[in-house]
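Asker: I'll drop the sequence and a predicted model, then ask my questions.
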Amino acid sequence: MQENVLKLLRNLGFTEYEAKTYLALLQQSPLTGYAVARISRVPRSKIYEVLGNLVERGDVLVSYGEPVQYAPKPPKELLASRRHALEQQFAEAEKGLEDFLGKNTPTDLIWDIRGREEILFRMREVIGRAKQQILLQIWEEDAPELRESLLAAAQRGVTITVVAYGEPDFPFARVYLHEPGAEEIAHEFGGRWIILSIDGQEIVAGIVSLGKESTAAWSSHVGIVMPITEQIKHDLYIVEMLHTHRDILETSFGPVLRDLRREFGPSTTVYRPRQKSDRDL
């Protein structure tokens with residue numbers, strides 16, 4: 001337990017000795033420097049230097065009486081001051097980096113995004129730019145990752161239409177439930193995908209169920225935006241037709257149009273994580 005707390009303090013910028021000193025003062029205070037050294041097991045030759053650094057940073061309070069005694073800043077105050085300092089640093093870094101930015105990333109290229117978290121981050125960022133319409137294909141398992149961003153878009157007046165594999169909790173959107181067979185489809189294509197199109201102008205599309213091996217494309221290039229946006233619309237047409245004329249269509253093409261899909265051969269877009277080459281090493 002103590003090792004975990006010491007690690008947390010080191011993550012907040014404490015040295016090993018500083019973390020042990022602060023933790024000792026949390027357990028008992030006020031203390032003299034000698035007592036802190038004894039409880040924390042920080043060498044006596046180092047304890048006053050360590051305490052001086054902590055006092056200078058404001059992490060420890062000092063009383064210059066006889067004898068000199070020390071007490072820790074309460075944990076809530078410590079974390080609040082660290083949070084405030086980080087927020088200031090982020091704000092300054094954001095402004096400073098913007099001054100060096102000649103222009104925004106050109107989205108008329110097709111950018112390769114790697115890793116589930118990076119893909120979902122990019123999707124939330126793109127959703128934040130939507131002005132009129134969002135078209136989305138998503139699995140129920142991944143829906144919570146985008147829910148807040150989509151809700152914010154809906155509250156801005158953006159129309160959201162979803163083809164869903166499973167039942168996402170999107171009461172703010174028009175949701176079309178894909179027919180059963182999501183697991184079979186995910187296996188056939190190598191994983192769960194998300195396809196996002198905003199305003200017919202920008203897309204993010206890719207496999208997101210493979211952790212760090214997930215991969216996606218992000219672009220505003222018309223050559224990829226148009227067919228991907230139309231692909232989502234095409235699936236919406238299919239779902240709507242199945243709801244209206246299921247008996248006729250399934251009599252001709254099998255359950256969930258399975259025979260029709262198989263008629264055109266096996267999937268040619270099965271995703272397999274790339275093998276590392278010498279260039280990657």
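Answerer: Sure thing, it's come through. Numbering: from 1, shown residues only.
Asker: Can you list the residue ranges for helices in the stretch 101-250 of the chain?
Answerer: Secondary structure of the stretch 101-250 of the chain (DSSP state H, counting those that start in this stretch): helices at 116-127, 143-155, 182-189, 222-253.
Asker: what's the least confident stretch among the ones you listed?
Answerer: Sorting these by mean pLDDT places helix 182-189 lowest, at a mean of 58.
Asker: mind checking the SS state of the residue lying farthest from the centre of the chain?
Answerer: For the chain, the largest distance from the centre (CA atoms, centre = their mean) belongs to E66, which lies 53.1 Å off. Three-state call for E66 (DSSP: H, G, I helix; E, B strand; the rest coil): coil.
Asker: Can you pull the domain assignment for this protein?
Answerer: Under the assignment automatic domain parsing, the domains of the chain span 2-74, 110-272.
Asker: Could you say which one of those comes nearest to L97?
Answerer: domain 110-272 (16.2 Å; CB to CB). Glycine gets a C-beta too; all of them are placed from N, C-alpha and C.
Asker: Sketch out the low-pLDDT regions of the protein for me.
Answerer: 1, 99-107, 179-190, 256-258, 261, 263-281 (pLDDT under 70).
Asker: picking up where we left off before, would you convert the helices of the stretch 101-250 of the chain into TSV that also reports distance to E3 and mean neighbour count?
Answerer: Formatted as TSV, the helices of the stretch 101-250 of the chain follow (distance: least, CB to CB, whole Å; neighbours: other CB atoms under 10 Å):
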stretch	distance to E3	mean neighbour count
helix 116-127	27	18
helix 143-155	32	17
helix 182-189	41	14
helix 222-253	49	14
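Asker: Mind jotting down where the strands sit in this structure?
Answerer: 60-63, 69-72, 110-114, 133-139, 159-165, 174-177, 193-198, 202-207, 215-219 (DSSP state E).
Asker: May I see the buried residues of the fifth one?
Answerer: This points to strand 159-165. For strand 159-165, the neighbour count (16 or more other CB atoms under 10 Å) marks 160-165 as buried.
Asker: Would you mind listing the outside residues contacting that strand?
Answerer: 132-140, 143, 150, 153-154, 168, 170, 172-178, 182, 185-186, 192, 232, 235-236, 239 (CB atoms under 8 Å, 6 or more residues apart in numbering).
Asker: same thing but at 6 Å, please
Answerer: 133-137, 139, 150, 154, 170, 173-178, 182, 235 (CB atoms under 6 Å, 6 or more residues apart in numbering).
Asker: same thing with the second one?
Answerer: Residues from elsewhere that reach strand 69-72, judged by CB under 6 Å, 6+ apart: 22, 25-26, 29-32, 51, 60-63.
Asker: repeat that for 8 Å
Answerer: Counting by CB under 8 Å, 6+ apart, 22, 25-26, 29-33, 36, 51, 55, 59-63, 78 sit against strand 69-72.
Asker: Repeat that for the third one.
Answerer: Defining contact as CB under 8 Å, 6+ apart, one finds that strand 110-114 is touched by 105, 119, 122, 204, 206, 212, 214-219, 221, 224.
Asker: Out of the strands of the chain, flag the one nearest H243.
Answerer: That would be strand 174-177 among those, by CB to CB, at 8.3 Å.
Asker: who's in contact with A19?
Answerer: Each residue near A19 by CB under 8 Å, 6+ apart is listed here: 5-6, 9-10.
Asker: thinking again about what came up before, just flag the most distant two among the contacts of strand 110-114.
Answerer: The widest separation within the contacts of strand 110-114 (CB to CB) is 25.9 Å, between K212 and H221.
Asker: before we move on, the earlier item: turn the buried residues of strand 159-165 into JSON lines, columns for distance to R82.
Answerer: Output for the buried residues of strand 159-165, formatted as JSON lines (distance: CB to CB, whole Å):
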{"residue": "I160", "distance to R82": "38"}
{"residue": "T161", "distance to R82": "43"}
{"residue": "V162", "distance to R82": "40"}
{"residue": "V163", "distance to R82": "44"}
{"residue": "A164", "distance to R82": "41"}
{"residue": "Y165", "distance to R82": "42"}
